[in-house]
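K.L.:
The following comprises the amino acid sequence and a computationally predicted model.
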Amino acid sequence: EPEVTQTPSHQVTQMGQEVILRCVPISNHLYFYWYRQILGQKVEFLVSFYNNEISEKSEIFDDQFSVERPDGSNFTLKIRSTKLEDSAMYFCASRGTSGRNEQFFGPGTRLTVL
Amino acid sequence: AQKVTQVQTEISVVEKEDVTLDCVYETRDTTYYLFWYKQPPSGELVFLIRRNSFDEQNEISGRYSWNFQKSTSSFNFTITASQVVDSAVYFCALSGRGSTLGRLYFGRGTQLTVWP
């Protein structure tokens, strides 16, 4: 069964460094999302993306964040200058264009900012 | 505004007990979707069910059942004859038509622990 994959599974970085989190959505999906989950808290929406454009973003998704679909398969989230409070699990999700609109999530990348 | 409330933070049951996880939602949209996701200790989010606002029929899938009641804005999830493998955090989520691509609003989750 097709699935969303994410790399790396765990990333440790120093405060102020740039990180890029990578996702490979399900191949025939066209809608892509990033969410994050701070340890022990709820899952929060960051951004949605379609047709090479951001469709919607939350207040969390400030100028330090950017997303890109550099080729036909990858979908990346970049954090330009990480802060301690960016430490969280980051989930990528994708959705197809059929009538069903459930989002399928990847296994997550745990980001630790020291 | 969209909001999902899961008032039960933690629930502990013994294997074979039935357990119901509560979910209450708020939305101004007339068309919306409700979801349940499971997050086992390994951390991934596993889709369980989607319900649209027009379909109030209850649904059963094996030991899982869902009770959608528009009148009380609730979408509760029952596990019958719980098993240790059901131990996980369960999230209820809402997606409204006001969002272009259907961003999900999650509740805070309910940690379910099933003891042998």
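P.N.:
Received, thanks.
K.L.:
Return the list of strands paired to the least confident helix or strand in chain B by mean pLDDT, each annotated with direction.
P.N.:
The weakest-scoring helix or strand in chain B, judged by mean pLDDT, DSSP states H and E, is strand B:59-61 (a mean of 85). Sheet partners assigned to strand B:59-61 using DSSP bridges are listed as strand B:64-69 (antiparallel).
K.L.:
what comes into contact with the partner strand?
P.N.:
Contacts with strand B:64-69, where a contact means CB atoms under 8 Å, 6 or more residues apart in numbering or on different chains, come from B:34, B:36, B:48-49, B:51, B:55-60, B:74-80. All C-beta atoms are positioned from the backbone trio N, CA, C, and that covers glycine.
K.L.:
returning to that earlier point: please spell out which residues along the least confident helix or strand of chain B are buried.
P.N.:
With burial defined by 16 or more other CB atoms under 10 Å in any protein chain shown, not one residue of strand B:59-61 is counted as buried.
K.L.:
And for stretch B:33-45?
P.N.:
Going by neighbour count (16+ other CB under 10 Å), the buried part of stretch B:33-45 is B:33-39, B:44-45.
K.L.:
now stretch A:29-42
P.N.:
In stretch A:29-42, counting by 16+ other CB under 10 Å, buried: A:29, A:31-37, A:42.
K.L.:
Could you report the pLDDT at the residue nearest the centre of chain A?
P.N.:
Centroid-nearest residue in chain A: A:Trp34, 3.2 Å away (criterion: CA atoms, centre = their mean). The model reports A:Trp34 with a pLDDT of 98.
K.L.:
Helix or strand for it, just tell me which one.
P.N.:
If you go by DSSP states H and E, A:Trp34 is part of strand A:31-37.
K.L.:
What lies in contact with that strand?
P.N.:
A:21, A:23, A:25, A:43-50, A:55, A:60, A:67, A:69, A:75, A:77, A:88-97, A:103, A:105, A:108, B:101-104.
K.L.:
Mind giving me the PyMOL command for buried ones among the contacts of strand B:64-69?
P.N.:
This is the PyMOL syntax for the buried subset of the contacts of strand B:64-69, where burial follows 16+ other CB under 10 Å:
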select buried, chain B and resi 34+36+48+49+51+74+75+76+77+78+79
